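Chemist: Sequence and predicted structure below; questions after.
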Amino acid sequence: MSKLRKAAWFNLAVTTGCMLAAGLGFAFLTRVNAKGVVYVGIALVSACVLTPVFYVLCHRKGFEASFDEREKMIYRRAFALSAWVLMFFLAGICIVPFLALGGQNVIRAYCLPLIFLSTLFVAQFAHSVAILIQCERENNDGR
Amino acid sequence: MGDNHISNRIRRLRFDHDEMTQQELADKVGVTRQTILAIEAGKYAPSLPLAFRIARAFHTTVEDVFTYEDEKTPSDAGKQAT
């Protein structure tokens, strides 16, 4: 398996795991109606979310440097696709409730961190899947 | 990537150079085996530096390795087939 595919699987696994953990954390904080000074819970959930994001961002240049030119093209194409997916997903998830419920209705506060988490996850998911699909298409066609 | 008008004789040249494997050629030019595979299959057009490195690995010129489809003459087509 090439370094690019390994990186895609790793990012997918780490992001999924951290998002699940963060989702459970938020669900717990919501259930106990935590607010104000619940620093420990908020810090743990934030660490689950931010650690993989910073890791991927900080190691991105190192990752790209070890790729050859074709892999860099695949990586950047997948990154562009994930940016589009992020935009459309965020637009949809923010605008659809407004259209469906009307501007005078309210949504619960826990929806906001869930929107944030799901947007991060969908963008990373799209990025990893785009890399894996491009690699798999070439492998199948080349035989 | 995708459709491009550049064909190549890399597979033939590898065979002619002591049956060089894709991995050996990849190591010589500094790319992955999958990149060589994609170039041979016409799925990826290499950059100029990579094209030159591939040509140098076979001790020949870039024109001998790669052909731009629009410039193919009937004599080139015959040469390509061998």
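Modeler: Yes, it's here. Remember, predicted model here, so these are calculated numbers, not experimental data.
Chemist: does any bit of the longest helix along chain B sit next to chain A?
Modeler: Looking only at chain B and at elements set by DSSP state H, the helix with the highest residue count is helix B:48-57. Yes. For helix B:48-57, a contact with chain A is found by CB under 8 Å from any CB of the partner chain, at residue B:50. C-beta: built from backbone N, CA, C; applies to glycine.
Chemist: Quick one: the helices in chain B, in order.
Modeler: Listed in chain order, the helices of chain B (DSSP H) span B:10-16, B:22-29, B:33-40, B:48-57, B:62-65, B:74-81.
Chemist: Near chain A, which residues of chain B are found?
Modeler: Contacts of chain B with chain A, taken as CB under 8 Å from any CB, map to B:1, B:30-32, B:34-35, B:37-38, B:40-41, B:43-44, B:46-47, B:50.
Chemist: Is it possible to mark the buried ones in those residues?
Modeler: The neighbour-count criterion (16 or more other CB atoms under 10 Å in any protein chain shown) marks B:31, B:32, B:34, B:35, B:37, B:38, B:40, B:43, B:44, B:46, B:50 among the residues of chain B next to chain A as buried.
Chemist: Determine which of the helices of chain B approaches residue A:46 most closely.
Modeler: In terms of CB to CB, the element of the helices of chain B nearest to residue A:46 is helix B:33-40, at 38.0 Å.
Chemist: Which strands or helices does that closest one pack on?
Modeler: Packed against helix B:33-40, as judged by 3 or more CB pairs under 8 Å, 6 or more residues apart in numbering or on different chains; DSSP states H and E, are the following elements: helix A:69-101, helix A:111-142, helix B:10-16, helix B:22-29.
Chemist: if you set the cut-off to 6 Å instead, what comes out?
Modeler: helix B:22-29 (3 or more CB pairs under 6 Å, 6 or more residues apart in numbering or on different chains; DSSP states H and E).
Chemist: Packing partners of the helix it packs on?
Modeler: Judged by 3+ CB pairs under 6 Å, 6+ apart, helix B:22-29 is in contact with helix B:33-40, helix B:48-57.
Chemist: what mean pLDDT does it have?
Modeler: The average pLDDT for helix B:22-29 rounds to 94.
Chemist: could I get that helix in PDB with only the CA atoms?
Modeler: Extracted in PDB, the C-alpha atoms of helix B:22-29 (Å, rounded to 0.1, in the frame of the first residue of the first chain):
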ATOM      1  CA  GLN B  22       8.400  -1.100 -12.800                       C
ATOM      2  CA  GLN B  23       9.800  -0.900  -9.300                       C
ATOM      3  CA  GLU B  24      13.300  -0.700 -10.500                       C
ATOM      4  CA  LEU B  25      12.400   2.100 -12.900                       C
ATOM      5  CA  ALA B  26      10.500   3.900 -10.200                       C
ATOM      6  CA  ASP B  27      13.400   3.700  -7.800                       C
ATOM      7  CA  LYS B  28      15.700   5.100 -10.500                       C
ATOM      8  CA  VAL B  29      13.500   8.100 -11.300                       C
END
